[in-house]
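> dropping the sequence and predicted coords here.
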Amino acid sequence: MSFIYAEMADIERKGDAAALCTIIEAKGSAPRHVGSKMIVFPDGRIIGSVGGGLMESRVIEEAMAALSDGKTRVLEYRLVDPSKGDVGICGGQVEVYIEPLLPKPQVVIIGGGHVGKAVAHLAHWLGFRVAVSDDRPEFCSPEAVPDADEFYPVKMEELPKHLKITSRSYLVLTTRGKDIDVPGVPALLDTPAAFIGIIGSKRRWIFARKAMLENGVPEEKLNRIYSPIGLDIHAETPEEIAVSIMAEIIMLHKGGSGKSMKM
């Protein structure tokens, strides 16, 4: 099984996703023993085996579902009577544990100013992987934002060409104004990002949204945007604003309500 563990380490190092499938119980005549493992990748590729045949194809389907919803599974398969829906005729019974191996959620900060730097610091402390992008190189470096893991000194509209944005990416636009947002945001709307939030007042977003609509950006895409960004805690300083933003991201990531615990 050393190759399985080596592959798992490589998946974690690259920040990729996969599902680990392990036989945790085998009774009677079964094709593989307890501890047999298989890795299933998002594109359906596999490494290893839990027995082949119809059972393995069903495990792969469940592994793909686990990658989608992020939930573990324990599956039971009988290998007795296919006419009753069993997956084989060996005569045994198998239990398979499926564990999704998902990369750290990522906060992508576009705009490396005071608020962006504060968000990077807090997101890093909270265990997120942090990427920073700014079209001004002096605001997008380890010296400028020491808590970031990755740096992309490019225009916003070019960022998806350089950074892989996934359904576990939370985009935080702490930009300088609508002149940056209007040309840059449309490229982000075509990504599977879990969250796209833009700093600023309601008035700023109204003008930016209107300009993008006039440029032909579909309204349903613009409805993905959270702006103003963050929860209402009357934040004023960059650090307080960072708390407000990260509270909203954690709420969405964990499925919280944002209500006071007292309620």
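Structure received. Numbering: from 1, shown residues only.
> alpha carbons only for contacts and neighbour counts from here, please
OK.
> let me know the average pLDDT across stretch 150-170.
Mean pLDDT, taken over the full extent of stretch 150-170, equals 95.
> next one: stretch 78-90
If you average the per-residue pLDDT over stretch 78-90, you get 55.
> ditto for stretch 95-107
For stretch 95-107, mean pLDDT rounds to 93.
> how far away from the center of its chain is it?
Remark: stretch 95-107 is offset 11 Å from the chain centroid, using C-alpha atoms, centre = their mean, to the nearest Å.
> just the CA atoms of that stretch, as CSV, please.
What follows is stretch 95-107, C-alpha atoms only, in CSV (Å, rounded to 0.1, in the frame of the first residue of the first chain):
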residue,chain,number,x,y,z
GLU,A,95,-18.2,-2.7,4.1
VAL,A,96,-16.3,0.3,2.4
TYR,A,97,-15.5,3.6,4.1
ILE,A,98,-15.2,6.5,1.7
GLU,A,99,-13.4,9.6,2.9
PRO,A,100,-13.1,12.7,0.7
LEU,A,101,-9.6,14.2,0.7
LEU,A,102,-10.3,17.9,0.1
PRO,A,103,-7.7,20.8,-0.1
LYS,A,104,-7.8,23.6,2.4
PRO,A,105,-10.4,26.2,1.6
GLN,A,106,-8.7,29.1,0.0
VAL,A,107,-9.2,32.8,0.5
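> contacts for that stretch?
Outside of stretch 95-107, the residues within contact range by C-alpha atoms under 8 Å, 6 or more residues apart in numbering are 12, 15-26, 59, 62-63, 66-67, 70-77, 120, 123, 127-131, 168-172.
> cool, and stretch 196-213?
Counting contacts by C-alpha under 8 Å, 6+ apart, the residues outside stretch 196-213 that touch it are 170-175, 177-178, 181-182, 186, 188, 219, 222, 224-229.
> pull out the buried members of those.
Burial of those was assessed by neighbour count (16 or more other C-alpha atoms under 10 Å); the buried members are 170-175, 178, 181-182, 186, 188, 222, 225-229.
> taking those one by one, which sit in helices?
Counting by DSSP state H, the members of the buried ones among the contacts of stretch 196-213 that fall within helices are 178, 181, 182, 186, 188, 222.
> which one of these is nearest to residue 40?
residue 188 (28.6 Å; C-alpha to C-alpha).
> now the closest one: how far from residue 224?
Separation of residue 188 from residue 224 (C-alpha to C-alpha, to the nearest Å) stands at 10 Å.
> and what of residue 185?
With distances taken as C-alpha to C-alpha, residue 185 is found 11 Å from residue 224.
> what do you get for residue 52?
Residue 52 sits 42 Å away from residue 224 when distances are taken as C-alpha to C-alpha.
> quick one: the helices in the protein?
Listed in chain order, the helices of the chain (DSSP H) span 2-14, 53-69, 114-125, 159-162, 178-189, 202-214, 219-222, 238-254.
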